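Q: sequence and predicted structure below; questions after.
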Amino acid sequence: MKITYTGRQVELAPAERKKLEAEFAKIGKLLDGKQEREAHIVLSQERHLHHAEVTVNYYNHQLVGIGSNSELFNAIHSAAQKLEKQVLKARTKWRDNKRTPRKVTSEAESEPKAPADSEPGVPPPGRVYKVNHHHKRKPMTLDEAVLEMDKTRDYMVYRDAETDRVHVLVRRRDGNFDLVES
């Protein structure tokens with residue numbers, strides 16, 4: 001983590017800067033992922049009160065920690081603690097929002113993954129769709145099944161209302177239908 005200091009009526013000795021770098025090392029570990037972050041620390045003094053403001057840009061968001069105290073290092077420490085809380089909140093929010101599982105549709109509940117030993121570039125075998133037989137359980141007649149099939153469906157699995165058996169209605173290439181009774 002790169003740290004830049006701006007002192008308004010306040011100067012820091014090199015030994016004090018080393019102590020501050022150790023203070024911000026933990027925040028640097030939390031922030032630095034693939035990119036190195038830059039922290040800007042502004043130190044100021046009003047009468048008997050020292051102010052410390054730490055600003056860090058983190059994924060297009062500014063994280064700001066402000067601390068005030070009669071002693072300079074206590075002010076910087078309180079600003080660092082506030083910034084650390086913001087960093088942890090921003091990281092968990094980003095992680096939780098980006099790492100949610102995909103929503104599964106009711107029609108395709110499980111999709112097979114390609115085996116680990118398959119060659120790259122070779123498409124996996126056809127998808128397997130799990131049919132929820134409890135969904136739309138109402139039995140129907142052959143005429144209702146034909147009406148239910150739209151132009152995009154090539155087959156229809158339904159429970160016959162008269163025999164209470166499962167039937168499969170398949171659209172042929174010539175536009176006619178095949179009925180498979182169980």
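A: Yep, that arrived.
Q: what does the pLDDT read for residue 147?
A: On the pLDDT scale, residue 147 is placed at 83.
Q: please apply the same query to residue 102.
A: The predicted local confidence for residue 102 comes out at a pLDDT of 64.
Q: likewise for residue 82?
A: For residue 82, the model assigns a pLDDT of 92.
Q: okay, now the closest residue to it other than its chain neighbours: neighbour count?
A: Counting by CB to CB, 6 or more residues apart in numbering, residue 65 is the residue found nearest to residue 82 once chain neighbours are left out, at 3.8 Å. For the C-beta atoms, the positions are set from N, CA and C on the backbone; glycine is no exception. Here the number of neighbours of residue 65 (other CB atoms under 10 Å) works out to 23.
Q: over to residue 97?
A: By the measure other CB under 10 Å, the count of residues near residue 97 is 8.
Q: that one and residue 31, how far apart?
A: For residue 97, the distance to residue 31 under the criterion CB to CB, to the nearest Å works out to 18 Å.
Q: output the contacting helices and strands for the longest helix along the chain.
A: Within the chain, and with DSSP state H defining each element, the longest helix by residue count is helix 72-98. If you count contacts as 3 or more CB pairs under 8 Å, 6 or more residues apart in numbering; DSSP states H and E, helix 72-98 packs onto helix 14-31, strand 38-46, strand 49-58, strand 61-69.
Q: and these as JSON lines, adding distance to residue 157 and mean pLDDT?
A: Compiled in JSON lines, the helices and strands packed on helix 72-98 are given as follows (distance: least, CB to CB, whole Å; pLDDT from 0 to 100):
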{"stretch": "helix 14-31", "distance to residue 157": "53", "mean pLDDT": "80"}
{"stretch": "strand 38-46", "distance to residue 157": "61", "mean pLDDT": "89"}
{"stretch": "strand 49-58", "distance to residue 157": "52", "mean pLDDT": "90"}
{"stretch": "strand 61-69", "distance to residue 157": "51", "mean pLDDT": "91"}
